[in-house]
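Q: Kindly generate the corresponding structure for this input.
(2 chains)
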Amino acid sequence: MTALADTELETETEELTVREAIRQAMREELRRDEDVFLIGEDIGVFGGVLEVTGDLYEEFGSERIKDTPISEAGFMGAATGAAATGTRPVVELMFSDFAGVAMEQIMNQMAKMRYMFGGKAEMPVTVRTTEGGGMGAASQHSGTIHSWIAHFPGLHAVAPGTPAAAKGLTKAAIRSNDPVFVFENKMIYEQKGQVPTDEDFTIPLGEAAVEREGEDVTVVATQRLVGESLQTAEGMADDVDVEVIDPRSLYPLDTETIVESVRKTGRLIVADESPLSYGTHAEIVARVQEEAFFSLDAPIQRVGTPDTHMPFSPPLEQEVLPTGEDVRNAIGRVT
Amino acid sequence: MADYDLQSEAGRHDALRRMVTIRAFDEEAGDRFADGEIPGFVHLYIGEEAVGVGTCAALDPDDYIASTHRGHGHCIAKGLDPKYMMAELYGKADGYCNGKGGSMHIADVDEGMLGANGIVGAGPPMATGAALSIDYQDRDQVAVGFLGDGAVAQGQVHEAVNIAATWDLPAIFVIENNHYGEGTPVEDQHNVDTLSDTAQAYDIPGVTVDGMDVTAVEEAVAKARERARAGDGPSIVEAETYRYRGHYEGDEEPYRDDAEIERWQERDPIESFKDRLIDRGELTEDEFDDLQAEVEAEIDAAVEFALDADDPTPEQAYEDMFAEMPPEIDRFATAARTDGGESGGDRR
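A: Okay, here's the model as predicted:
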């Protein structure tokens, strides 16, 4: 196939929600590769508690869409063992908070096997999970834990903010021969956008997207905050020219694209729903100061959850959830 | 067929040799650890040889095993080469894991050995996963998850057995009951008297056999394997055995006395199997002496190999993290070095 044909294929798009895009990614990969199967709680007939697997059961049946007992450690461990022995499991961990139950399997087995065995173990496993507050699900169903996973050596972490990123990253995760966690913010499942229809469309891990070009300030935003930052940028367009970057992949992280932008704008806001201390924000800030310290014209600003758990009551939840307004305030502080 | 079994005279000889090899390997490893040549810590299998060998005698070469922190015996029973095992204990580049794993993580996935494991109770989920791959791809194999008596108290073991039982996966869970979870007696850790009784909770077969008798273990695992291959699901086999050494080398063992150890040694798995083969006219004392001498020479050669092997190069510390390496590792490895590398930072 010629490069031109590739380009043409990639430009053919359709409108999908984030939820539909992820489901379509799984459908295409299940059709493409017989070694791929899905495993998790209530993902079959039930269609997933947030309806992401939806009707996949109808096409692929219980052999390939496996409903598990409520055993996060058990099925995370089974997926790890299966990935090491010739299959490609795609795990749905219903809420990212439940990673606590399965953390031994994630950190001591899945993440370490290849390294501990001197490279003699394959680990082609994908873990999809939902994150984020905003639906009154309270502290044990609203966490944003991707910094733990991105921090842990041996694991990849991606966190899409658009339908196209959701599809491309999910497909790349399933095709990867390494463990990849896909963090889906539950408040953007209904968000719509154009998605390439090419069945070989993937987004390589470690490639950020410049979602909006601007000259004055760089906003690196993830998940729900990508869309909200774009709205904020439009709203402020008369006063300040904002560049919005979705890193899409947290580990590996496309440092170059972010640094290049900061060299141009001299100002950086990092907006991510995770708690502010010791996490995603800090990592991005550290890399930017290493590579673009002398390009900075103002202190870097962080927008995130102020080190609380997610409270239940809607007014409390709205208080701590980072939003586009917080991004606006952060921009205001440095411009 | 297995590359050794207990049905033929040659197979019985092979099984005896493997048990002797395990003991010689671990005695040597204990000595070399005491001498300070082997880093880290080691958990020896001495006394439990009949469990690993009896189990693997019932398996085919391409069946899987997932091991424990006390894994040397499982490795040798499965057919791994003591030479590369010893090199791994010494942390050498020629070890099974290129020196990255050590005693607690020896693995050879291609040979069906899914790794010794430093986490108590982590083997059964691995075995359930391997059994899931086997079942999903309709392969004619089984997966064994070894666990100690202490691991029976771990939550992930329950989850793994329950999933395997619910899905009729071709798994076998072999409990090596050596009567101590680290330094705590088995009766102080569980409310049941017989650990295989836990099988009732999953509606699967559970048997307890004499783990000092290699044929008793082999028979029980063979039966479990038959059931697994027929698609009827997993079984639990508990083998009652005893570790002659401490939980780890250096353990002062305040929790037991010499008389107890001696009582178990009277039923030594190697001596008793050797005596049976002599009684059957399949072995003479002289032949056994020759076998021991051959094994000792093999272990000496393994130590020589390990001592002569190269250390891993510093660069190897950065390899094998991923199938496809992200730029981060090289970036940080370089930046951490004295010259700061290419990513030493922004320049004014």
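Q: Tell me where the stretch 201-335 of chain A has strands.
A: A:209-212, A:217-221, A:242-246, A:249-251, A:268-275, A:301-305 (DSSP state E, counting those that start in this stretch).
Q: Please name the nearest non-neighbouring residue to the residue in chain A positioned nearest to chain B.
A: The minimum distance from chain A to chain B, using CB to the nearest CB, falls at A:Gly81 (1.9 Å). Quick note: C-beta positions are derived from backbone N, CA and C, even for glycine. Using CB to CB, 6 or more residues apart in numbering or on different chains and skipping the chain neighbours, the partner closest in space to A:Gly81 is B:Gly129 (1.9 Å).
Q: how close does that neighbour sit to A:Thr130?
A: 23 Å (CB to CB, to the nearest Å).
Q: likewise B:Glu294?
A: Distance, B:Glu294 to A:Thr130, using CB to CB: 60 Å.
Q: So for these two, which residue has more residues nearby?
A: Between B:Glu294 and A:Thr130, A:Thr130 has the larger neighbour count (other CB atoms under 10 Å in any protein chain shown), namely 26 against 13.
Q: Please report how far the closest residue to the more buried one other than its chain neighbours lies from A:Gly48.
A: Taking CB to CB, 6+ apart, and ignoring the residues beside it in sequence, A:Thr130 has A:Lys186 as its nearest neighbour in space, at 4.5 Å. As for A:Lys186, its distance to A:Gly48 is 11 Å (criterion: CB to CB).
Q: circling back to that earlier point, surely the residue nearest to A:Gly81 is within a strand?
A: No. Under DSSP: H, G, I helix; E, B strand; the rest coil, B:Gly129 falls outside any strand and is assigned helix.
Q: correct me, but it touches A:Thr80?
A: Yes. The pair B:Gly129 and A:Thr80 qualifies as a contact (CB atoms under 8 Å) at a distance of 5.7 Å.
Q: More neighbours: the two, which one.
A: Neighbours around B:Gly129 and A:Thr80, counted as other CB under 10 Å, are more numerous at B:Gly129. The numbers are 38 against 31.
Q: how about that one, what does it touch?
A: Listed by CB atoms under 8 Å, 6 or more residues apart in numbering or on different chains, the contact set of B:Gly129 reads A:77-85.
Q: how about a markdown table for those, with pLDDT and secondary structure added?
A: A markdown table is the format used below for these (pLDDT from 0 to 100; DSSP: H, G, I helix; E, B strand; the rest coil):
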| residue | pLDDT | secondary structure |
| --- | --- | --- |
| A:Gly77 | 98 | helix |
| A:Ala78 | 98 | helix |
| A:Ala79 | 98 | helix |
| A:Thr80 | 98 | helix |
| A:Gly81 | 98 | helix |
| A:Ala82 | 98 | helix |
| A:Ala83 | 98 | helix |
| A:Ala84 | 98 | coil |
| A:Thr85 | 98 | coil |
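Q: returning to that earlier point: now do the same contact list for the residue nearest to A:Thr130.
A: Residues counted as contacts of A:Lys186 (CB under 8 Å, 6+ apart) are A:50, A:130-132, A:134-135.
Q: Quick one: neighbours of A:Asp238, just the number.
A: 7.
Q: Phi and psi next, for it.
A: Summarising the backbone geometry of A:Asp238 under the convention degrees, to the nearest 10, its torsions are phi -70, psi -30.
Q: Once you drop chain neighbours, what's closest to residue 159?
A: Defaulting to chain A. Among residues not flanking A:Ala159 along the chain, A:Phe183 sits closest, at 4.2 Å (CB to CB, 6+ apart).
Q: Actually, chain B is the one I wanted.
A: Excluding the flanking residues, the one nearest B:Glu159 by CB to CB, 6+ apart is A:Gly74, at 2.8 Å.
Q: How about the contacts made by the one you found?
A: With contacts defined as CB under 8 Å, 6+ apart, the neighbours of A:Gly74 are A:68, B:125, B:128, B:156, B:158-160, B:162-163.
Q: pull the longest helix from the chain.
A: Just going to use chain A. helix A:18-32 (DSSP state H).
Q: looking at chain B here, not the other one
A: Counting residues, the longest helix found in chain B (DSSP H) is helix B:9-34.
Q: Report the contact partners of the closest residue in space to B:Thr284 that isn't next to it in sequence.
A: In space, not counting the residues next to it along the chain, B:Thr284 is nearest to B:Ile278; the distance is 6.7 Å by CB to CB, 6+ apart. Residues counted as contacts of B:Ile278 (CB under 8 Å, 6+ apart) are B:284-285, B:288.
Q: and residue 321, how many neighbours?
A: If you meant another chain, say so; for now it's chain A. Other residues near A:Leu321 number 20, with proximity taken as other CB under 10 Å.
Q: You answered for a different chain; I wanted chain B.
A: 19.
Q: Let me know the secondary structure of it.
A: Under three-state DSSP, B:Met321 falls in the coil class.
Q: my guess is it contacts A:Gly154, does it?
A: Yes. Between B:Met321 and A:Gly154 there is a contact at 5.9 Å, judged by CB under 8 Å.
Q: intersection of neighbour lists for the two?
A: Taking CB under 8 Å, 6+ apart as the contact rule, the neighbours common to B:Met321 and A:Gly154 are A:114-115.
Q: Retrieve the pLDDT associated with B:Arg280.
A: The model reports B:Arg280 with a pLDDT of 96.
Q: Can you get me a residue count around it?
A: When neighbours are defined as other CB under 10 Å, B:Arg280 has 10 of them.
Q: now do B:Gln137
A: The burial metric for B:Gln137, expressed as a neighbour count using other CB under 10 Å, is 14.
Q: List the residue ranges of the chain that fall below the pLDDT cut-off.
A: Answering for chain A, as no chain was given. When the per-residue scores of chain A are filtered using pLDDT under 70, the ranges that remain are A:1-10.
Q: right idea, wrong chain: chain B
A: Residue ranges of chain B with pLDDT under 70: B:1-2, B:336-344, B:348.
Q: residue ranges for the strands of it, please.
A: Counting by DSSP state E, chain B has strands at residues B:64-66, B:143-148, B:171-177, B:180-181, B:184-185, B:206-210, B:235-240.
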